[in-house]
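Q: just a sequence and a predicted model for now, questions to come.
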Amino acid sequence: MTEKMNDRQGYIGTYEAVCLTSIMMVTKIFYTSIAVIVKIEGTSGWYGTLISCLTSLVMFSFIFLLLKRFPHMDITKIFEAVIGRFAGKILTLLFSAYMIFYAASSIREFIEMIKAYNLPYTPPSILIFGFIAVCAIVAYHGLEGIARVSAIFFVPVIIGVVLILILASPNYDFDYIKPYFGYGLKKTIVTGVLRSSAYDEVVILAFIINSVHGLKICKRAGYSSILISGLTFSTNILCNILAFQYTAGSENLSSLFELSRAIYFNRFVQRLESIFLFAWVVASLVTVSIAFYLAIDIYTKAFRIPGHRPLIFPFSFILFMVALIPENMPEVVQVNIQFIRQYSGFFIYLAPIAILLLAVLFRKRGELHNGKKS
Amino acid sequence: MAEKNRLKSLFALLTYKKPKNIETFYIPETEEETKRAQEIKGMEHKARGIKKPRLVSEMSKKRERGLEKDRETYRFKYKEKSKDGASKGRSGNSVVDKQVSVNIDENMGLVKKAFNSENNKDIIIREFTVGGQLRAFIAYMDGMVDRTTINDFIIKPLLAKKEYHEGECSLDKVIQQVLQTNQANKITDTEEMIYEILVGNTCLFIEGCNYCISSETKGFEKRSVSTPQTEGVVRGSQEGFTENLRTNVTLVRKIIKNKDLSTEFLKIGARNNNQCAVMYIDGLINPAIVAEVKRRITSLKTDFIAGSGILEQFIEENPWSIIPTIISTERPDKAASHLIEGKAVIIADGTPFALIVPVSLTTMFHTPEDTTLRWQYGTLLRFIRIFAVFIAIFIPGLYVALTNFHREMIPTDLLIAIAKARENVPFPTILEVMLMEVSFELIREAGIRIPGIIGNTIGIIGALILGQAAVQANLVSPVLIIIVAITGLGNFAIPDFSVAFAARIMRLIYIVLGAFLGFYGISLGIVVFTVMLACTKSFGVPMLNYFAPKLRNSNDIIIRRPVWMQELRPDNINPLDITRQPEISRKWVKEPPAENMREDSEEAGEDDRKNE
Amino acid sequence: MAKKVSLLLVFCLGLLINLTGCYDAAEVDDEVYALVLGIDKGINNKVRVTIQYPTYKSSGGGGGESKSGGRMEAKNETQGSIIDTIEAPSILEALDMYGMSTSRRVSLMHMKNIIISEELAKEGVQAYVSPLARYREARGVVNISVARGTAQKFIQENKSNIGESLAKDLELMTVQSDNTSFFPRVTFYDFYNSLLSTYEQGYTAYAGLNELGNLPEDKYAGKAPLMVDNAFKPGEIPRSGVAKREYAGTAVFRDGKMVGSLNSEETRYFMMIVGKFTKGIIDMEDRESPGKVISLNFRPSRKPVVRAYFKKGRPIISIKLEMEADIGAVQSRVNYEDKDQVKKLSTRAEDYLERRAVQVIGKVQQQYNSDIFGFGQKLAGYFPTIQEWEKYDWLSHFKEAGINVKVNVSIRRTGLMLKSARITGYEK
């Protein structure tokens, strides 16, 4: 207990850990993700993402094995323990850089979308500034604050999404899932495996393992958040195919937003999409805050800096700059987001797995604490 | 030189400063933490922060000692300072001797000097002789005492006493045989003697004794117990606290007749020598919380604390938080119900309010009525209140955002109606809203300050401003009147006065955010506010408990389940005894009906058989 | 000092945001909300766009109407709303061009109806309609319809006669589709999806102007025959009244071009097959007493069951309609409430519906060759992948399909009567 208490991050419970990872993964449904999947996989997208989900479960198991091998160590320490301090630090820093990239791309995707749908004439820098300011405030409160915020907002966000799906149900036609195999089974499976990158946010658990109470809870949080987001993705893609067919479904900038715009029950129940805006903004804010905080946190862990707060300002600046790099909307979607949701898994999943292999090969193993595993 | 300093300060803005390691009060927050702490061998006591009263986030021994030292030196310094200040402030008033002397003249001089009796006519010193030979005097504060008590039960018996042995100090005998007051203590310390006189007791000095006797003669004017002014209920107790500390403590004790209910009196305010009581149920409350409350109160070094309002500001955790972290209540029954849950109640002399700590956000929306009514009604009330809070905080902001940014969301007919109404209004919506909000707040504030005799006028003025007149003058559109009126209603429906204030401030913030960035701005505000609230603690208890961190449900958070289903106390304050009642609290459900009833029915059955 | 400086900085930054943050803010009355958008073929330019928006005058009623201006003005400002027409290269530019004459920005946020002229529809609508899918203010739930004649004229006659609210009038007009099924309610979102679809073709409601001269003088000299399958196209309904505009029938599209239309009667059978028919009274000639009418109030008892399969390479589609009916009116006083008579009547209704449905399908299939029924959805299951399905190209094979219709009618209730008693002196 004593050495745990020295940890500056504070503690988060199982529920918060699940919400933290889930909300980070689930936020994608608000963006281009669904349309892109429908474009690639066609009518089979809804189970294609379940293949991604399964792949992620396997990948996470490997990461978990690595964590189990080195109890009481977060993944940055494991890197250093296995491949040495220098190489370990570089790998850790790469993760930090990726998190910044992730946060910046998410911001940019969000901003592009809110400009398209809602605030077309507000300069993006103002929107980004407000966004990053809030993220900085959230990050200032540390992991505990972020976890609590995500725990509070996760349920309303999910309720909002479910409400949209239900209210839009008069538009569904189940015949639109035919032909059943989309653009071919092979394409579905290959894309499914590739798109497991869309679930790789689960890796954040490996960085905050010391704040989660033990490996068992980490495992439970990891698996359940992957399953929750798998289910959410699948339902959302399915509903979009049912409502828009595979043709128009691949066109939408934000499929969920379009779905909410299609809600029409009678002349009283319609025009609800702006309410949905709340869920959208809040989920995006929480997601970016998590990524932003982790970028700082990983950085501080690499250099053993006590306290993350002094770094918030410089990192916000970096984040702002990185977010402004892409020139236009297609570049954001086709370069940044494509990389994050389709290819980042190679780095996020495979790096820890390679470390695991090395650890097994060189018979490295974390010391047991008091002869007892926690 | 100056330039160098400026450069330095400019540099200081950018450079990294190592944060000071400030230990904060900490008790386990998440459920897992509690469990985990229990699992670790030999650490059970830390699970709920039980044995060690100050279970501060684990500091190493060394640091602890260092900190203690720091605190000591701090105190020491303060003492010195205050002494200096005191000597400067009331130079002629400082007390010379520490102890009551044997010489009665010296004592009288002491009292006279201490209370500055030449100028201060409130101090009464009455000289007389006991047994016809011993000189004696009593000293008391005029107006603070009950004169009949002094006349009949102190002076009369003393004068009536005839025989007296010379030589020895016989105050012991006086206490035992002569004085007829219910409380009488021996006092040797001068400071204490002064305090006793100040609070309304009478001190008796007799020649040849190096101590005096303080008798309980308090009898100042006080308001009698009446109904609560700000927290009315329909069903439930109609008693409210008064300004008198003793009365208040009694009011609570009247409800909780429990030997474990402890009341500790602490002095607050260096110059007004006020008193406050910390009440808790021993064996139920987490001792860490009691220790923390006492630590905070005793550490206070300030000259004037008039009552709970000021005390609250001195001991609250986060002064920047908009939402209060301490509940203040006027109702003894509310205080009692929180005591029973394992919380501490602080009552300060001077204001008819008690402070309840620690609390979480949800408790601020509870009223005693929720429990006195049946559970369906209580739950309905809670939902109405939550709706009211939502309205009070968000509606004007949402209106501004809707009309300025999200016009597609307004039903077409309404939109056209708003546009028609606005056609002749010369102000932007935001100004309209601000205008109405400000006038509403004005009406509110004026309504409180307005002299009672002309109180009726405020209603007329209010109706003019928030009504047809404003619309006809083309100052505002009619929709806005509805918005402001419903916001006001929502605000009044919030049970906690401080939370209502917080809602008013937040409403302004959301209006501004909504006006600048629409729903996007409002969402930004919501996230910032939530994270701040989530990280605010009230005596170690996170404000948003039950939502995050998640805890066991005590069945009385938002939905109020039937009282017999509320098996647990709130988990967030880590009470020593978490169960409120057994699983089956209504034993009669499982038991057969009472004996005689059954006999009756059996007899009836026999009768039937006979008839057959 | 440092604290003050940083506070000042934060304040300045906040001010910066605040001052620059209201780019998108606009007051409600800064804009006018076009409720109807009419698209005509241009004469000098590509497209002629007509909009109708409500005015903000405090009394929207007809009192001020009698003000005599020019004739055009009287036509363009009616009953609390204004109609503007402009010619432009595209719809979006037209909206901007209104800004040269209208004092407030024209917004499509609250658009209720899109009216396309028949001429334009026959040339193809993709070029004009699909850009709206990209436009932020245009909503998917807007109703779309094709107007006979020009959209401009149609909109000029689009008045709210019953109440003051034009918006309410427009919405409730389209909801009439659910009450009568004489025309479909098609949203822009449905229509746009069908333009892209590989399963089905698009259709819209068909509207037109009635000059109110169709109520003919005594043509049959008092001996008018009974015409039950009386079908109308918009503009042909024999009626008189206030409103000139009317909706009747369906405009059928193929590959984004209007190829023909179904009349009001045919639309009902079409909607039964699509599953959008909610209720409607259908008159049949009484076989027991010719010249008299039986009115049956039909509603679907369940969704139509459509099965599709391939038989020797030829797609076969079988449709089963389950209908329920109540007897609405019997002129002949024949005792149709009788158990056996009810059965007879329902068989006759089945035959009748079946015949008409087959006729409608035949017309659409042979004359228009456009799968507005969405049969492709059922066939797509026979192709494992999208590639194969698109290669097969169902929409071009629709003409070959064999289609069977089976209708099942069960008459449930007989109105308020148990039995039709003879009315004395009621001649046979």
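A: Yes, it's here.
Q: tell me how chain C divides into domains.
A: Following automatic domain parsing, one gets these domains for chain C: C:29-58+C:72-215+C:226-264, C:279-428.
Q: return the most buried member of the ones you listed.
A: domain C:29-58+C:72-215+C:226-264 (a mean of 20; mean count of other Cβ atoms under 10 Å in any protein chain shown). Heads up, the C-betas are built off the backbone N, CA and C, glycines and all.
Q: picking that back up, dump the domains of chain C to TSV, plus distance to A:Thr188 and mean pLDDT.
A: TSV is the format used below for the domains of chain C (distance: least, Cβ to Cβ, whole Å; pLDDT from 0 to 100):
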stretch	distance to A:Thr188	mean pLDDT
domain C:29-58+C:72-215+C:226-264	19	88
domain C:279-428	10	88
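Q: closest one to B:Val531 among the ones you listed?
A: domain C:29-58+C:72-215+C:226-264 (31.3 Å; Cβ to Cβ).
Q: the closest one: how far from the chain's middle?
A: 10 Å (Cα atoms, centre = their mean, to the nearest Å).
Q: kindly report the same for stretch C:317-327.
A: The answer for stretch C:317-327 is 22 Å, by Cα atoms, centre = their mean.
Q: quick one: that stretch near chain A?
A: No - contact of stretch C:317-327 with chain A (Cβ under 8 Å from any Cβ of the partner chain) is absent, the minimum separation being 12.9 Å.
Q: now the terminal residues of stretch A:36-52, how far apart.
A: Start-to-end span of stretch A:36-52 (Cα to Cα, to the nearest Å) is 14 Å.
Q: so what touches it?
A: The contact list for stretch A:36-52, computed with Cβ atoms under 8 Å, 6 or more residues apart in numbering or on different chains, reads A:34, A:176-183, A:185, A:187-189, A:191-196, A:198-199, A:230, A:233-235, A:237-238, A:240-241, A:246, A:249-250, A:255, A:333, A:337-338, A:341, C:385-386.
Q: what's the closest residue to chain B within the stretch 201-350 of chain A sitting at in phi/psi?
A: Closest to chain B within the stretch 201-350 of chain A is A:Val281: 3.7 Å, counting by Cβ to the nearest Cβ. As for A:Val281, its main-chain torsions (degrees, to the nearest 10) stand at phi -60, psi -50.
Q: burial count for it?
A: By other Cβ atoms under 10 Å in any protein chain shown, 25 other residues sit near A:Val281.
Q: residue contacts, the closest residue to it other than its chain neighbours?
A: Excluding its sequence neighbours, the residue lying closest to A:Val281 (Cβ to Cβ, 6 or more residues apart in numbering or on different chains) is B:Ser523, at 3.7 Å. Contacts were defined as Cβ under 8 Å, 6+ apart; by that measure B:Ser523 touches A:Leu277, A:Phe278, A:Val281, A:Val282, A:Leu285.
Q: what's the answer for A:Ile263, then?
A: So A:Ile263 contacts A:Ile164, A:Leu167, A:Ala168, A:Val269, A:Gln270, A:Leu272, A:Glu273, C:Val141 (Cβ under 8 Å, 6+ apart).
Q: hmm, try it at 6 Å
A: A:Leu167, A:Ala168, A:Leu272 (Cβ atoms under 6 Å, 6 or more residues apart in numbering or on different chains).
Q: what's around the last one, how many residues?
A: Residues contacting A:Leu272 under the criterion other Cβ under 10 Å number 17.
Q: where's the closest residue to it other than its chain neighbours relative to C:Val142, distance?
A: Once its chain neighbours are removed from consideration, A:Leu272 has its nearest residue in A:Ile263; the separation is 5.4 Å (Cβ to Cβ, 6+ apart). A:Ile263 is 13 Å from C:Val142, where distance means Cβ to Cβ, to the nearest Å.
Q: enumerate the beta-bridge partners assigned to C:Phe298.
A: C:Gly280, C:Ala325 (DSSP bridges).
Q: got the CA positions of the one helix or strand C:Ile319 maps to in PDB?
A: Assigning secondary structure by DSSP states H and E places C:Ile319 in strand C:314-330. Taking C-alpha atoms only, strand C:314-330 is exported to PDB below (Å, rounded to 0.1, in the frame of the first residue of the first chain):
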ATOM      1  CA  ARG C 314     -35.600 -15.600 -64.500                       C
ATOM      2  CA  PRO C 315     -36.400 -13.600 -61.400                       C
ATOM      3  CA  ILE C 316     -39.800 -14.500 -59.900                       C
ATOM      4  CA  ILE C 317     -41.400 -12.300 -57.400                       C
ATOM      5  CA  SER C 318     -44.400 -13.200 -55.400                       C
ATOM      6  CA  ILE C 319     -46.200 -10.700 -53.300                       C
ATOM      7  CA  LYS C 320     -48.700 -11.500 -50.600                       C
ATOM      8  CA  LEU C 321     -50.800  -8.700 -49.300                       C
ATOM      9  CA  GLU C 322     -52.700  -9.200 -46.100                       C
ATOM     10  CA  MET C 323     -55.500  -6.700 -45.800                       C
ATOM     11  CA  GLU C 324     -58.200  -6.000 -43.300                       C
ATOM     12  CA  ALA C 325     -61.400  -4.100 -44.000                       C
ATOM     13  CA  ASP C 326     -64.400  -2.800 -42.300                       C
ATOM     14  CA  ILE C 327     -67.600  -2.200 -44.200                       C
ATOM     15  CA  GLY C 328     -68.000   1.500 -44.500                       C
ATOM     16  CA  ALA C 329     -71.100   2.000 -46.500                       C
ATOM     17  CA  VAL C 330     -73.500  -0.200 -48.300                       C
END
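Q: host element of B:Arg246?
A: Applying DSSP H and E, one finds B:Arg246 within helix B:245-255.
Q: quick one: buried residues of that helix?
A: B:Leu245, B:Arg246, B:Thr247, B:Asn248, B:Val249, B:Leu251, B:Val252, B:Ile255 (16 or more other Cβ atoms under 10 Å in any protein chain shown).
Q: which strands and helices sit next to whatever helix or strand comes next after it?
A: The first helix or strand that comes after helix B:245-255 along the chain, using DSSP H and E, is strand B:261-268. Secondary-structure packing of strand B:261-268 (3 or more Cβ pairs under 6 Å, 6 or more residues apart in numbering or on different chains; DSSP states H and E): strand B:274-281.
Q: ok, residues contacting the strand it packs on?
A: Contacts for strand B:274-281 (Cβ under 6 Å, 6+ apart): B:245, B:249, B:260-266, B:268, B:290, B:293, B:305, B:339, B:344-349.
Q: and the stretch 251-374 of chain A, which residues reach chain C?
A: When proximity is defined as Cβ under 6 Å from any Cβ of the partner chain, the stretch 251-374 of chain A approaches chain C at A:Arg261, A:Ala262, A:Tyr264, A:Arg267.
Q: if we use 10 Å, what do you get?
A: Within the stretch 251-374 of chain A, the positions lying close to chain C (Cβ under 10 Å from any Cβ of the partner chain) are A:251-253, A:258-259, A:261-264, A:266-268, A:270-271, A:273.
Q: just want the angle from the next helix or strand after the strand holding C:Ile319 to strand C:314-330.
A: Sequence order places helix C:339-362 as the next helix or strand after strand C:314-330, per DSSP H and E. Angle, helix C:339-362 to strand C:314-330, by axes from the mean of the first three to the mean of the last three Cα atoms, to 10 degrees: 130 degrees.
Q: off-centre distance for helix C:339-362?
A: 26 Å.
Q: element containing C:Glu246, please.
A: strand C:245-254.
Q: can that strand be found next to chain A?
A: No - on the criterion Cβ under 10 Å from any Cβ, strand C:245-254 is out of touch with chain A, staying 15.8 Å away.
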